[in-house]
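# missing the sequence, but the structure's below:
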């Protein structure tokens, strides 16, 4: 296995190789230069202060170079470096927009050097060094340490056939999607450039240019042929036009004369129209005057009718008022008659009831005497009113006293209930806190499950198979550790990685194998065994007391709570017992800790420090990182609220609540007894009050009846029956006389009212008739007025129109006399029809004839000679160019066929290789050259099928998965490996989206090809390599160890490198 370890400067220090290994590299490079390297291939690449690298050199193999490293270590930086050193466009990378972004943080300048093999340069020992150095403001390029312009480096790349802008040769990971979305025509051109280099692509471009030129010249010949046809037609037209020149001149003269004649005819028509307008105006004037007289007559009649109607309405109003007055008088008399009739009826009724009334009064008085006697007997059965009042007062005092006592006891009960409620709320809070503490493990488990799906499944499987295990299983570790305060939680947050938090701990190695290989073999999880881990791993360092003077008071393994087994597992992974924790005092003594102690890793409340000592220079390199704020899922628990203490408080509160509930029940019973006593006293008070009220009511009724009896006896003694009878008869007689006189007065008023109402009806009928007559007259008046206004408007309009036409006619006559005097054109006008329509028909016929032949130019003869000469020139040119064009076309067809034959052979070779590669992967694939009439539309189509039941279909980003697209791209690029002229090729993230089976197959193909053929140099970049891969001496694997991810395993890597160097030597 040809294994190369790339020398890399990490943040923890520089891994320098031994002098013996350096000599081995140089001797191997010299031996390989003569035999295997080809012109333009990369021998070595050096990066200084570039992105994350300090100073690193990559020694390349002339065949296959596999570059592997975790994400973020700088794999793709190699592709960026090649792009930048050869002055390619930064858009090719799609990573940054300026060079300054590639300078390592904290440095001012970056340098890239690449050594290329060139057997045509013996003066430089067959090696050419291209370098580029740049800072934030300036960039410099060199060839063999001589400053050059960027264009010279680009020319050198062109001479070596380096194609960094061709995705078939140089494929960064950011542009993989661009390859799958590339049009078939563009894929053909990029493949052509990769296979034949720039010379073949230039030949193709020349053929396309010649094809376009031939097409353009054919179009020009066709255009000349069309021009000849047009010129022949124009010549025939000119020959015909020569006969019409004289006719055109005569028609122009006739039309000019007819223009004047038409103006005189038009004048005559307008004059006749003006005379007709004058006659019409006079007729409308007489009509207007007659309608105006009619309007005056109907207006006078209308005014007379209005006056008469107004007089009748006044009389009608007076009759209405008089009738209303009579009706009111009648109403008053009727009302008075009703009153007299009512008085008579009442008097008769009283006269009839006079004797029975006397008898009823005597009986009523006797009855009331009996009731008074019964009241007296009832009062004799009860106590006196004063005694009852005294009893009521005593009862009320007793009830009031007991109610006050009841209120005091109820206040005591309320205070006890409030205290009980307060203690229950406190108990509820403690129960919630207890539940929160009990749920802390559940929350942490949910957080771990979100970041590491499958953790809960592992816990369930462990619980279900506990009978099969030999010992205990703890974990995941993230659920078992508890920080003691916020500072400790922040330290744990920085120290404990996610991979350790999800790890399970077993007691024996047998359980480790049982879990990973049987019980949880289908679940992704981490597990560690503590069998054989010494207790010294978690022991507190002996020098801790001496370090307290610098503020370092403890180590990480002591600042959190966890089972002993968990601490052993954590310390076996990372030496937490040698990572110190300090307070604010440690911030002030940072320099002393570095210089005077052997501490390599410690924390203070704000920062985390690491000290790395070089194995060779013994220089201490200090790295300082800020301590991040605490996240919401930190492993911290408030020790003031421990679960045991909460349980004790809850127990005490339960006892207090039971005692209070007993007191509340006793107090409630006491209140119920008091309430019963109060209700009994109130019932007795109610009884006494009711008896007192009955006595008071009887006394009041007796007193009232006694006074009524005395008053009625007095009235009865004063009344005389005979005198009352005589008075009633006299009253009735007087009422009847008054009623007779009122009836006579009513009869008289009714006669007068009927007479007035008859007059009122006659007057109403007269008003209605007059009103209808007035409406008819108004309608007739409005109609006459509208007719008059219409006639008036028509007259004014006609008058204005007549005046305007008259003035226009006068101006027209004056103008015509100046242009064409009637004395001169009078006879000419008589020669034409006097009807303007007939005249216009003659004029239009002549004008149409003139229009039909008006395109005849007087210079027709000159035009005819010009056309004849142009026609002869074009025919001569067309005959001369036809022979040349035919000869060039035959040469182009031969060259095109030769080019296509070569392309067909190369695509066929690629297709054969592509089909074999897909068959090796147990899939199907083919490459199809799409030939069309025009060379510029040539294209290559990639057809693939990854399933047996699927036909061959074009590779598509929508149809195929990411892994299928990457497999197709790799095999397509690999199919032209034996044809390409590019000195080296690069594919970044070559296994992107692939499953391990495809990845293993493709790498095996690449390794086998590198072993059996001397093809182009290839760089394949991958974040990982599969295990058990077989490599030959032609393959070189580069591992990049860069960044903080390798710090914790620095010693292991040093041992591995030393072991490899010993074997290599």
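That came in fine, so what should we check first? Remember, it's a predicted structure, so these values are computed and weren't measured experimentally.
# which secondary element of the protein has the worst mean pLDDT?
strand 9-10 (a mean of 34; mean pLDDT, DSSP states H and E).
# give me the low-pLDDT residue ranges for the stretch 851-1000 of the chain?
852-862, 864-865 (pLDDT under 70).
# what's the helix or strand for the nearest residue to residue 104 once chain neighbours are set aside?
With sequence-adjacent residues excluded and distances taken as C-beta to C-beta, 6 or more residues apart in numbering, residue 104 is closest to residue 49, at 4.6 Å. C-betas here are computed from N, CA, C, even on glycine. Using DSSP states H and E, residue 49 sits within strand 42-50.
# show residues contacting that strand.
Strand 42-50 has contacts (C-beta atoms under 8 Å, 6 or more residues apart in numbering) with 29, 33, 37, 53-60, 77-78, 81-82, 102-104, 107, 109-117, 127, 983-984, 1017, 1019.
# pull out the buried positions in that strand.
For strand 42-50, the neighbour count (16 or more other C-beta atoms under 10 Å) marks 42-50 as buried.
# any chance of those in a markdown table, with distance to residue 543 and pLDDT too?
Below are these laid out as a markdown table (distance: C-beta to C-beta, whole Å; pLDDT from 0 to 100):
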| residue | distance to residue 543 | pLDDT |
| --- | --- | --- |
| 42 | 51 | 91 |
| 43 | 51 | 90 |
| 44 | 47 | 91 |
| 45 | 46 | 92 |
| 46 | 43 | 93 |
| 47 | 41 | 92 |
| 48 | 40 | 92 |
| 49 | 38 | 90 |
| 50 | 41 | 89 |
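# farthest-separated two in those residues?
Greatest spacing in the buried residues of strand 42-50, by C-beta to C-beta: 43 and 49 (21.8 Å).
# what about residue 288, helix or strand, and which?
Residue-wise, residue 288 maps onto helix 245-380 under DSSP H and E.
# tell me which other helices or strands that helix touches.
Using 3 or more C-beta pairs under 8 Å, 6 or more residues apart in numbering; DSSP states H and E, the elements in contact with helix 245-380 are helix 643-718, helix 721-819, helix 822-830, helix 836-853.
# worst mean pLDDT among those?
When the helices and strands packed on helix 245-380 are compared on mean pLDDT, helix 822-830 scores lowest, with a mean of 68.
# please enumerate the strands of the stretch 851-1000 of the chain.
Under the criterion DSSP state E, counting those that start in this stretch, the stretch 851-1000 of the chain contains strands at 924-930, 939-945, 953-954, 984-988.
# partners of the first one, with directions?
Spelled out, that is strand 924-930. Using DSSP bridges, strand 924-930 pairs in its sheet with strand 939-945 (antiparallel).
# who touches the strand it pairs with?
Contacts to strand 939-945, defined as C-beta under 8 Å, 6+ apart, come from residues 183-185, 187-188, 191, 907, 918, 923-930, 951-955, 960, 964, 968, 972.
# name the SS class of residue 505, please.
Secondary structure, DSSP: H, G, I helix; E, B strand; the rest coil: residue 505 is strand.
# what's near enough to touch residue 233?
Not one residue lies near residue 233 by C-beta under 8 Å, 6+ apart.
# how far away is it from residue 870?
Using C-beta to C-beta, to the nearest Å, one gets 13 Å for the distance from residue 233 to residue 870.
# do the same with residue 260
44 Å.
# again with residue 883
Distance, residue 883 to residue 870, by C-beta to C-beta: 22 Å.
# those two: who's more crowded?
Using other C-beta atoms under 10 Å as the criterion, residue 883 and residue 870 rank with residue 870 on top: 15 against 9.
# is that one in contact with residue 230, as I believe?
No - the criterion here is C-beta atoms under 8 Å, and residue 870 misses it with residue 230 at 10.2 Å.
# distance between stretch 771-785 and the chain's centre?
Taking C-alpha atoms, centre = their mean, to the nearest Å, one finds the center of stretch 771-785 at 76 Å from the center of the full chain.
# which strands or helices does the strand or helix carrying residue 112 pack on?
Assigned by DSSP H and E, residue 112 falls within strand 110-117. Packed against strand 110-117 by the contact rule (3+ C-beta pairs under 8 Å, 6+ apart) you find strand 42-50, helix 76-85, strand 127-134.
# model confidence over it, on average?
Per-residue pLDDT over strand 110-117 has a mean of 93.
# mean neighbour count and distance to residue 941 added to the helices and strands packed on helix 245-380, as a markdown table?
Shown next, in a markdown table, are the helices and strands packed on helix 245-380 (neighbours: other C-beta atoms under 10 Å; distance: least, C-beta to C-beta, whole Å):
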| stretch | mean neighbour count | distance to residue 941 |
| --- | --- | --- |
| helix 643-718 | 13 | 71 |
| helix 721-819 | 13 | 83 |
| helix 822-830 | 12 | 86 |
| helix 836-853 | 13 | 62 |
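# among the ones you listed, which comes closest to residue 512?
With C-beta to C-beta as the criterion, residue 512 lies closest to helix 643-718 of the helices and strands packed on helix 245-380, at 32.3 Å.
# that closest one vs helix 245-380, what angle?
Helix 643-718 runs at 70 degrees relative to helix 245-380, counting by axes from the mean of the first three to the mean of the last three C-alpha atoms, to 10 degrees.
# i'd like the first residue to be 723 from this point on
In the new count, where the first residue is 723, that last one comes out as helix 1365-1440.
# for helix 1365-1440, the distance to its chain's centre please.
Helix 1365-1440 sits 72 Å away from the centroid of its parent chain (C-alpha atoms, centre = their mean).
# the spatially closest residue to residue 934 that is not a sequence neighbour: neighbour count?
Among residues not flanking residue 934 along the chain, residue 1658 sits closest, at 7.7 Å (C-beta to C-beta, 6+ apart). Residue 1658: 14 surrounding residues under other C-beta under 10 Å.
# how about residue 1271?
For residue 1271, the count of nearby residues is 11 (other C-beta under 10 Å).
# distance of the residue nearest to it when sequence neighbours are not counted relative to residue 1328?
Excluding the flanking residues, the one nearest residue 1271 by C-beta to C-beta, 6+ apart is residue 1311, at 8.0 Å. Distance of residue 1311 to residue 1328, given as C-beta to C-beta: 14 Å.
# give me the residue at the spatial middle of the protein.
The centre of the chain sits closest to residue 1680, judged by C-alpha atoms, centre = their mean, with a distance of 25.0 Å.
# can you list the residues that contact stretch 1732-1746?
With C-beta under 8 Å, 6+ apart as the test, stretch 1732-1746 has contacts from 758, 760, 763-764, 782-793, 797-798, 800-801, 895, 1699-1700, 1702, 1704-1713, 1725, 1728, 1731, 1754, 1756-1757.
# rerun at 6 Å
Residues from elsewhere that reach stretch 1732-1746 (C-beta atoms under 6 Å, 6 or more residues apart in numbering): 763, 784-790, 793, 797, 1699-1700, 1702, 1704, 1706-1710, 1712-1713, 1754, 1756-1757.
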